[in-house]
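In: got a structure for you, letters missing:
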């Protein structure tokens, strides 16, 4: 008869042994000594082998007590084992500690990435998926895929299989949207036939592309800079012409993108709109005046509605 787990005891320990962590992962109270592996299933032995192989990954595990004689006696932190298990698709039983902390998204230095003149396409797609490109760990055997195959990342770089799949889907979509002639994502620098994943692009163009697809959960910072690329030849705006930079987008997305264009063209930062000076119109009134000259794009009502959508999604912030 299986023994219930004494979580109150295990949670007090700053470090436990690998075989104990695996027993808890399988929702079983650990024995006092390591088990005889021959008595356990092939699946258990595979899990043990994978865990031992990953203990050196400092993105997941901090250094623990080593046991040269028996790796199953290596020291680990229970919360880190929980994080590792989730990242590798294992089910974690109720009672494992600090699961929320283990699966929380890492902080992204948005100030740094917004300041970059260009980024690699794969870096832009990582940001679209809410991942920090600097935290993605390149697979040491990626070279075996052959030259020009692009970067390959270790599974431990992702908080879950769904997280990894979301990044890979974003990258596949963006690769198909890269074109020196037709866009909508235009590579920068000297044209070459290298892998699209490694091409230099504007983060704003990538963000605008995914916004046009109604991609779910684009980070607010990226929405604020989601400006489609300018056309090869600028045309004068008239009351009957929609600017070419936004004509291809769905109407509501196009209105939002155009407002962001006008905000930036007037020297404002969308996330920190300036306070209105006494006796002068505020940023919203100034942008409204410009927008209402584009009769094919805006009415007074549709401008206000689009402005509010941008506020509701945190694409613009600050004074009115």
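Out: Arrived safely. Values in this document were obtained by computation on a predicted structure and should not be read as measured data. Numbers count the residues shown, from 1 in each chain.

In: for this structure, give me the ranges with low pLDDT.
Out: 1-3, 39, 58-59, 98-106, 142-149, 191-193, 228-250, 276-277, 319-320 (pLDDT under 70).

In: I'd assumed residue 203 was in contact with residue 188.
Out: No - at 11.3 Å, residue 188 does not count as touching residue 203 under the criterion of Cβ atoms under 8 Å. Heads up, the C-betas are built off the backbone N, CA and C, glycines and all.

In: more neighbours: which of those two?
Out: More crowded of residue 188 and residue 203, by other Cβ atoms under 10 Å: residue 203, with 21 against 14.

In: might you report the residue contacts of the more buried one?
Out: The contact partners of residue 203, by Cβ atoms under 8 Å, 6 or more residues apart in numbering, come to 113-114, 116, 118-119, 124, 127, 222, 225.

In: in the chain, what residue spans correspond to helices?
Out: Counting by DSSP state H, the chain has helices at residues 7-10, 18-25, 42-54, 78-87, 99-103, 110-115, 121-128, 161-177, 203-212, 220-224, 251-265, 283-291, 300-312.

In: export those as TSV, with columns for distance to residue 33.
Out: Below are the helices of the chain laid out as TSV (distance: least, Cβ to Cβ, whole Å):
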stretch	distance to residue 33
helix 7-10	17
helix 18-25	8
helix 42-54	15
helix 78-87	19
helix 99-103	28
helix 110-115	50
helix 121-128	44
helix 161-177	34
helix 203-212	53
helix 220-224	52
helix 251-265	62
helix 283-291	70
helix 300-312	59
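
In: to residue 70, which of these lies closest?
Out: Across those, residue 70 has its closest neighbour in helix 18-25 (8.8 Å, Cβ to Cβ).

In: helices or strands up against the closest one?
Out: Other elements packing on helix 18-25 under the criterion 3 or more Cβ pairs under 8 Å, 6 or more residues apart in numbering; DSSP states H and E are helix 42-54, strand 75-76, helix 78-87.

In: between helix 18-25 and the last one, find me the angle.
Out: The reference is to helix 78-87. Using axes from the mean of the first three to the mean of the last three Cα atoms, to 10 degrees, one finds that helix 78-87 and helix 18-25 are set 60 degrees apart in direction.
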